[in-house]
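Student: Got a sequence here, can you build the structure:
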Amino acid sequence: MSLIDLLRMSSGNLKRRKLRTFLTVLGVVIGTASIVVMISLGLGMQQSMYQQIDESGGLTTIEVNGAGGYGGMYGGDQEAPEEYITDEVIEQFKLLEHIEYVTPVLEVSAIALKGNYEGYLNLQGLTHEALEAYGIPLKGGGGYWETGELPDIDFSKDSLFLILDTDSYYMNQGNSGFGDMGGEGSSQPKTIAKKHVVKACGVVEGGIEEYNTHSYSTYCDIETLKTMLKKEFRGRAIPGQPTMENGKPYKYFIYNNARVKVDDLDSVETVSEQIRAMGFQTYSNAEFLETMQEQYFMIQAVLGGIGAVSLLVAAIGIANTMMMSIYERTKEIGVIKVLGCSLKNIKQMFLMEAGFIGLLGGLVGNVLSFMVSFVINKIAGSVAGAMGIASDISYIPPWLVLISLVFAIFVGMAAGYFPALRAMRLSPLAAIRNE
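Tutor: Predicted structure coming up:
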């Protein structure tokens, strides 16, 4: 019996029992869709992690924390940093091997004013080279949301007042929270906060309620920021900068942290060890990527296992359908054997029927998976954007579609294997006599 004959007989047998075939295929559809959707949720979380890593500098960027910085956040079992990060230290970092660039990071609190609007800024100063390397996605317009009402400001075009001396500003507004320092009745003279006229070079891409890694800070050229701070706080300690024992400020800037870009992933740990030996703390995305991948793999396995239960039930349905088909077609099987059809052909015919059920269920199940994934992303998209998750919650890559389809066919044929063996072992004469 040729392959075409086997295909024709297998498909014809399924068509004769449309309702039973439909119900069996429906079980495979639900099982396949369950597995694909469940795994897609884990893949969506993994994609979000990769995107955030890429936005924060990728796997080859090392964050260096010094004394007075943020070492406590990422220090782990590392000792507290002993040295300040200064311009001299930055130059030492640049002398290390496998370095693409090094940028100090200077963070200050600032206030932006425009008409009756007032906003708090976390101002980050970086080198021009680092700002270009970050590749921060920008858009043409801009907006700001806090109270539910959009301010009448075009952040990409309008000029703003920038206040760096926030303490003096709030003291003069009567909202200092520092007792009567510089307020009414105080003998200390008031310091008038200077208003710098600034204009944005661009606005971070995204909607009003969408957030990403770059949504929480305002970026600027670090040299320009240092120049403005020196003029603003001439003779005084700059907020956030450490002071000497006598309370006087240092003559040089001490940076909150530094970011070191390494030329390849294999050199990240080597460079990190060299920097730690200099008395600093280091942190890189590469350090926890493997751990995170293991966690996401476990999540995907658990979610996939939950979906696999549905497909297991579908496999039982396929086995039941094929067994019932054998009982109904016992005489037909006996006639085929008497006419000289080989046992191998009989086995192939029943396996093809089971494979057809798996194939059809897998195809429809994948279509249903994309529909469910689309609905999930639409419903949960706004919530995810507010949490800083830019990518889709459910992500179905092409390889998942292919694997799920092959798996559905395999489950179908595996479920039909023992019924096919039973059909092979039927006695031809007994099968013909069967009523």
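Student: tell me the secondary structure for residue 125?
Tutor: At residue 125 the chain is in strand, as set by DSSP: H, G, I helix; E, B strand; the rest coil.
Student: Is it correct that it is in contact with residue 220?
Tutor: Yes: using CB atoms under 8 Å, residue 125 is in contact with residue 220, at 5.5 Å. All C-beta spots, glycine's among them, are computed from the backbone N, C-alpha and C.
Student: what's the nearest residue to residue 94 if we skip its chain neighbours?
Tutor: residue 102 (5.1 Å; CB to CB, 6 or more residues apart in numbering).
Student: Next up, phi/psi of residue 99, please.
Tutor: phi -100, psi 130 (degrees, to the nearest 10).
Student: State the pLDDT value of it.
Tutor: Reported pLDDT at residue 99 in the predicted model: 90.
Student: what's across from it in the sheet?
Tutor: Under DSSP bridges, the beta-bridge partners of residue 99 are residue 262.
Student: Based on its surroundings, how many neighbours for it?
Tutor: Around residue 99 there are 16 other residues, counting by other CB atoms under 10 Å.
Student: can you check residue 134 too?
Tutor: Residue 134: 18 neighbours (other CB under 10 Å).
Student: Then residue 342?
Tutor: Around residue 342 there are 12 other residues, counting by other CB under 10 Å.
Student: Enumerate the positions of stretch 275-289 that are buried.
Tutor: Across stretch 275-289, burial judged by 16 or more other CB atoms under 10 Å covers 275, 278, 280-287.
Student: can you give me the strands in the stretch 1-150 of the chain?
Tutor: Assigned by DSSP state E, counting those that start in this stretch, the stretch 1-150 of the chain shows strands spanning 61-65, 99-114, 117-126, 138-139.
Student: Show the average pLDDT along the last one.
Tutor: When you say that, I think you mean strand 138-139. Mean predicted confidence for strand 138-139 is 64.
Student: Outside of the helix or strand just after it itself, which residues are in contact with it?
Tutor: Of the helices and strands lying after strand 138-139 in sequence (DSSP states H and E), the nearest is strand 159-163. Residues outside strand 159-163 that contact it (CB atoms under 8 Å, 6 or more residues apart in numbering): 110-114, 121, 153, 169, 193-200.
Student: Can I get the buried part of those residues as one PyMOL selection?
Tutor: A single PyMOL command selects the buried members of the contacts of strand 159-163 (16+ other CB under 10 Å):
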select buried, resi 110+111+112+121+153+169+193+194+198+200
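Student: Hmm, which of the contacts of strand 159-163 is lowest in pLDDT?
Tutor: residue 153 (76).
Student: Can you list phi and psi of that one for me?
Tutor: Per degrees, to the nearest 10, the backbone of residue 153 is at phi -140, psi 130.
Student: cool, and the one 4 residues further on?
Tutor: Residue 157 has phi and psi values of phi -130, psi -40 when expressed as degrees, to the nearest 10.
Student: Ok, residue 171 next?
Tutor: Main-chain dihedrals, residue 171, degrees, to the nearest 10: phi -60, psi -40.
Student: Tell me the predicted confidence for it.
Tutor: Note for residue 171: predicted pLDDT of 82.
Student: shaky segments in the stretch 1-150 of the chain?
Tutor: The model of the stretch 1-150 of the chain has pLDDT under 70 over residues 1-3, 5-6, 54-57, 68-80, 135, 137-150.
Student: would you list every one of the helices in the stretch 301-435 of the chain?
Tutor: Under the criterion DSSP state H, counting those that start in this stretch, helices of the stretch 301-435 of the chain are mapped to 330-338, 343-386, 398-415, 417-425, 428-433.
Student: sorry, back to before: tell me which of residue 125 and residue 220 has more neighbours.
Tutor: residue 125 (26 against 22).
Student: Show me what that one is bridged to.
Tutor: residue 106, residue 220.
Student: contacting residues for it?
Tutor: Counting by CB under 8 Å, 6+ apart, residue 125 makes contact with 105-108, 219-226.
Student: Of those, select the buried ones using a ChimeraX command.
Tutor: Applied in ChimeraX, the following selects the buried portion of the contacts of residue 125 according to 16+ other CB under 10 Å:
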select :105,106,107,108,219,220,222,225,226
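Student: can I get the contacts of residue 125 in a markdown table with distance to residue 28?
Tutor: Below are those laid out as a markdown table (distance: CB to CB, whole Å):
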| residue | distance to residue 28 |
| --- | --- |
| 105 | 54 |
| 106 | 60 |
| 107 | 56 |
| 108 | 60 |
| 219 | 52 |
| 220 | 58 |
| 221 | 60 |
| 222 | 60 |
| 223 | 64 |
| 224 | 63 |
| 225 | 62 |
| 226 | 65 |
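Student: of all the contacts of residue 125, which comes closest to residue 407?
Tutor: residue 219 (46.9 Å; CB to CB).
Student: Look at that closest one and report its pLDDT.
Tutor: For residue 219, the predicted pLDDT is 87.
Student: Could you check how far it is from residue 255?
Tutor: Plainly put, residue 219 is 15 Å away from residue 255 if you go by CB to CB, to the nearest Å.
Student: Residue 368 too?
Tutor: Distance from residue 368 to residue 255, by CB to CB: 54 Å.
Student: more crowded one of these two?
Tutor: For the pair residue 368 and residue 255, the greater number of neighbours falls to residue 255 (25 against 17), based on other CB under 10 Å.
Student: any idea how far residue 84 is from the more buried one?
Tutor: Separation of residue 255 from residue 84 (CB to CB): 8 Å.
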